[in-house]
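Peer 1: Quick one: sequence and predicted model below, then my questions.
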Amino acid sequence: MSKTVRTRFAPSPTGFMHVGNLRTALYEYLVAKSLGGQFILRIEDTDQERKVEGAVDMIYRTMKRAGLIHDEGPDIGGEYGPYVQSERREMYLPYAKQLIEMDKAYYCFCTKERLDMLRENADEPGAGYDRHCRNLSPQEVQQKLSEGVPYVIRQKMPLEGTTTFEDAVYGTISVDNSELQDQILIKADGYPTYNFANVIDDHTMNITHVVRGSEYLSSTPKYNLLYEAFGWEIPTYIHLPLIMGKNDDGSTSKLSKRHGATGFEDLVKLGFLPEAIVNYIALLGWAPKDNQEIFSLSELTEKFSIDGISKSPSIFDYDKLEWFNGEYIKAMTVEQFAAAAEPYFRKALGDAPFDYLKLASILQQRTTKLTDIPEKIAFFAEQPDYDKELFVNKKSKTTLENVPALLKAGVEALEALPEWTHDSIHDCLINLAVTLGVKNGTAMWPVRIAASGMTVTPGGAVEILDILGREESLRRLHKGLEKLAN
RNA sequence: GGCCCGGUGGUCAAGCGGCUAAGACACCGCCCUUUCACGGCGGUAACACGGGUUCGAUUCCCGUCCGGGUCACCA
């Protein structure tokens, strides 16, 4: 019987849920769930300076909206708590001291100023810490400690040899130990660094699969040295290719705020549906065995496999996201769509009593983003001032010469209608075309233009007249007639 | 700069020694149509380069080039 798979999502509460982070969370969820395992949420707040008010709530909210339900976490507890690093603060120092006893770590009393100077004076970039305190005598250390000199604890890296590890995505990776810095494990404020807390927590929380972005690939050997020092089992590593954004100069770099709306909530505000976002980012770095593109979260869970994860970075493409969004919108029932679109209807129409279901039915097939709705329907509330040139359309064979008569005939026919319904308007205008001996388009174009004042509208003349209602429709048509007379 | 990783159309991507190198988005054209969409059909467009290995390389190896990541008392 093998161990239960456990993955964790460990965001730091900075008040922003980047889609890159969300994708990582999604894959962590999928790795766990596709293997029948558990998905844990842990808050990494060891940096007090970056802590942001309300950020944790935003994480909960985002995860919930994305459908990534965790099995253990600060809000719901679990047997490996606490799940907030600041609350585990006391756990880390003993482990660090244990490392010191094993000669795998040491006290460092260097001041921040000295380190800054070191960096400034370095000939080569990335020269790093000079290991100044690595070989202090026990007496010196005792002395400074008793004097209360502030200290940090650093990991004592081997000076020679190489460290090799297996990654489920990238394969075997080895790094010369001489490349590894004596990184800080415990900060002067007593908090652990991410580098240390992460290892201690993953082990004590029984995390079996560490899923994270490939930016951690080069620091993984350092973590392994820690696992080895403690004699702990090394987890399965699954490093994910990065999501990139396009820069102004055409180059690309790790997706960040400067690439525009990259926060989950930003995208939702832009009119993207959470399910569409999740679907899209699932496919950014992973591909199924077949060609399926539309996936619900449960289908993803079913089809997901680690060997489908790719190694090369991918660029976040808003066009493709929009396509997914459109697909999700089209898959809704009209009622669902009307409900989702309602806020945008209100935005454009205020409290005007339009039939939202009818609006939804003409809009649904042509909407890719909910935020596009208001501008498409604003003319229902208030007709824009338009130029009579709009009546001219080559394909519909309408000209300034024939339109007045066409529109007049249309108005008369419509005015004679006993009832004002979609079907009656439709039949009326179709009959009109027959009577006049012109194509449908020729009869409809002037009516639609006069009713809307726009060349491009959602729905045709019939739908627009129906939604507008008899009174307003006829008012607009007469206005069109006047405009043409001048 | 050192180290690590990557490199199939503009983008996401199949491919895992032998294929006319899939598919999707975007783009273009045609059809449908009362506009625009939707939908249908079709089209343009790719294995970074140079050496090997092999009967045969997109696929394996090496080098070059290009791209990215990383070198914090941030995570």
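Peer 2: That came in fine, so what should we check first?

Peer 1: Run a quick neighbour tally on A:Pro74.
Peer 2: 18 (other Cβ atoms under 10 Å). Heads up, the C-betas are built off the backbone N, CA and C, glycines and all.

Peer 1: so who does it touch?
Peer 2: A:41-43, A:56, A:81-84 (Cβ atoms under 8 Å, 6 or more residues apart in numbering).

Peer 1: Tell me which stretches of the stretch 101-250 of chain A form strands.
Peer 2: A:105-108, A:152-155, A:162-167, A:171-176, A:184-186, A:209-213, A:236-240, A:243-246 (DSSP state E, counting those that start in this stretch).

Peer 1: mind checking which of those strands is nearest A:Val5?
Peer 2: strand A:209-213 (5.9 Å; Cβ to Cβ).

Peer 1: Would you list the strands that the closest one pairs with, along with their directions?
Peer 2: Partners of strand A:209-213 in the sheet, by DSSP bridges, are strand A:236-240 (parallel).

Peer 1: and the partner strand, anywhere near RNA strand B?
Peer 2: No. Strand A:236-240 lies out of reach of RNA strand B by Cβ under 7 Å from any atom of the strand, never closer than 8.2 Å.

Peer 1: for that strand, which positions count as buried?
Peer 2: A:236-240 (16 or more other Cβ atoms under 10 Å).

Peer 1: Mind picking the one among the residues you listed that's closest to RNA strand B?
Peer 2: Nearest to RNA strand B among the buried residues of strand A:236-240 is A:His239, at 8.2 Å by Cβ to the nearest atom of the strand.

Peer 1: Grab the nearest non-local neighbour of the closest one.
Peer 2: Among residues not flanking A:His239 along the chain, A:Ser214 sits closest, at 4.5 Å (Cβ to Cβ, 6 or more residues apart in numbering).

Peer 1: Could I get the pLDDT score of the one you found?
Peer 2: A:Ser214 carries a pLDDT score of 96 in this model.

Peer 1: same deal with the one 10 residues further on?
Peer 2: Per-residue pLDDT puts A:Asn224 at 97.

Peer 1: what about it, neighbour count?
Peer 2: Counted with other Cβ under 10 Å, A:Asn224 comes out at 19.

Peer 1: same question, A:Arg23
Peer 2: 27.

Peer 1: Distance of A:Ala450 relative to A:Thr435?
Peer 2: For A:Ala450, the distance to A:Thr435 equals 19 Å [Cβ to Cβ, to the nearest Å].

Peer 1: if you count what's nearby, which of the two comes out ahead?
Peer 2: It is A:Ala450, of A:Ala450 and A:Thr435, that has more neighbours when counted by other Cβ under 10 Å, with 29 against 11.

Peer 1: Nearest residue to the more buried one in space, please, no chain neighbours.
Peer 2: Nearest to A:Ala450 is A:Gly480, by Cβ to Cβ, 6+ apart, at 2.9 Å.

Peer 1: Unless I misread the structure, that neighbour falls within a helix.
Peer 2: Yes. Under DSSP: H, G, I helix; E, B strand; the rest coil, A:Gly480 sits within a helix.

Peer 1: That one: what's it in contact with?
Peer 2: A:391, A:407, A:446, A:449-451.

Peer 1: The strands of the stretch 101-250 of chain A: which one's closest to A:Pro13?
Peer 2: Across those (criterion: Cβ to Cβ), the nearest stretch is strand A:209-213, sitting at 17.3 Å.

Peer 1: does the closest one come close to RNA strand B?
Peer 2: No. Using Cβ under 7 Å from any atom of the strand, strand A:209-213 stays clear of RNA strand B, coming no nearer than 7.7 Å.

Peer 1: So which bits of the stretch 251-400 of chain A are right by RNA strand B?
Peer 2: Of all the residues in the stretch 251-400 of chain A, those lying near RNA strand B are A:251-254, A:283-287, A:289, A:291, A:293, A:307-308, A:310-315, A:317, A:319-320, A:322-323, A:326, A:330, A:365-366, A:393, A:395-396, going by Cβ under 7 Å from any atom of the strand.

Peer 1: among those residues, which ones are buried?
Peer 2: Here, 16+ other Cβ under 10 Å leaves A:252, A:283-286, A:313-314, A:322, A:326, A:366, A:393, A:396 buried among these.

Peer 1: what's the offset of the least confident helix or strand in chain A by mean pLDDT from the middle of its chain?
Peer 2: When each helix and strand of chain A is scored by mean pLDDT, DSSP states H and E, helix A:112-121 comes last, with a mean of 84. Here helix A:112-121 is found 38 Å from its chain centre; the criterion is Cα atoms, centre = their mean, to the nearest Å.

Peer 1: ok, is that helix in contact with RNA strand B or not?
Peer 2: Yes. Contact of helix A:112-121 with RNA strand B (Cβ under 7 Å from any atom of the strand) involves A:112, A:115, A:119.

Peer 1: so which of the residues you listed is the most crowded?
Peer 2: A:Leu115 leads these on contacts (other Cβ under 10 Å) with 17 neighbours.

Peer 1: Surely that residue is in contact with A:Tyr129?
Peer 2: Yes. Using Cβ atoms under 8 Å, A:Leu115 is in contact with A:Tyr129, at 6.8 Å.

Peer 1: so how far is RNA strand B from the residue of chain A positioned farthest from its centre?
Peer 2: Largest separation from the mean C-alpha position in chain A: A:Thr435, at 55.4 Å (Cα atoms, centre = their mean). Distance from A:Thr435 to RNA strand B, counting by Cβ to the nearest atom of the strand, to the nearest Å: 15 Å.

Peer 1: can you pull the contacts of that residue?
Peer 2: A:Ala409.

Peer 1: Quick check: pLDDT value at it.
Peer 2: pLDDT, A:Thr435: 94.

Peer 1: got it, and A:Glu419?
Peer 2: So A:Glu419 comes in at 95 (pLDDT).

Peer 1: For A:Lys3, give me phi and psi.
Peer 2: phi -60, psi 150 (degrees, to the nearest 10).

Peer 1: Surely it is in contact with A:Glu233?
Peer 2: No. The criterion here is Cβ under 8 Å, and A:Lys3 misses it with A:Glu233 at 9.2 Å.

Peer 1: tell me which element the residue farthest from the centre of chain A is part of?
Peer 2: Assigned by DSSP states H and E, A:Thr435 belongs to helix A:422-436.

Peer 1: Can I get that helix in CSV? Just the C-alpha atoms.
Peer 2: Extracted in CSV, the C-alpha atoms of helix A:422-436 (Å, rounded to 0.1, in the frame of the first residue of the first chain):
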residue,chain,number,x,y,z
HIS,A,422,-41.7,38.8,-32.8
ASP,A,423,-43.6,36.6,-35.3
SER,A,424,-46.0,39.3,-36.4
ILE,A,425,-43.2,41.7,-37.0
HIS,A,426,-41.3,39.1,-38.8
ASP,A,427,-44.1,38.1,-41.1
CYS,A,428,-45.0,41.7,-41.7
LEU,A,429,-41.5,42.6,-42.9
ILE,A,430,-41.1,39.5,-45.0
ASN,A,431,-44.4,40.1,-46.7
LEU,A,432,-43.4,43.6,-47.3
ALA,A,433,-40.3,42.4,-49.2
VAL,A,434,-42.5,40.2,-51.3
THR,A,435,-44.9,42.9,-52.0
LEU,A,436,-42.2,45.4,-52.9
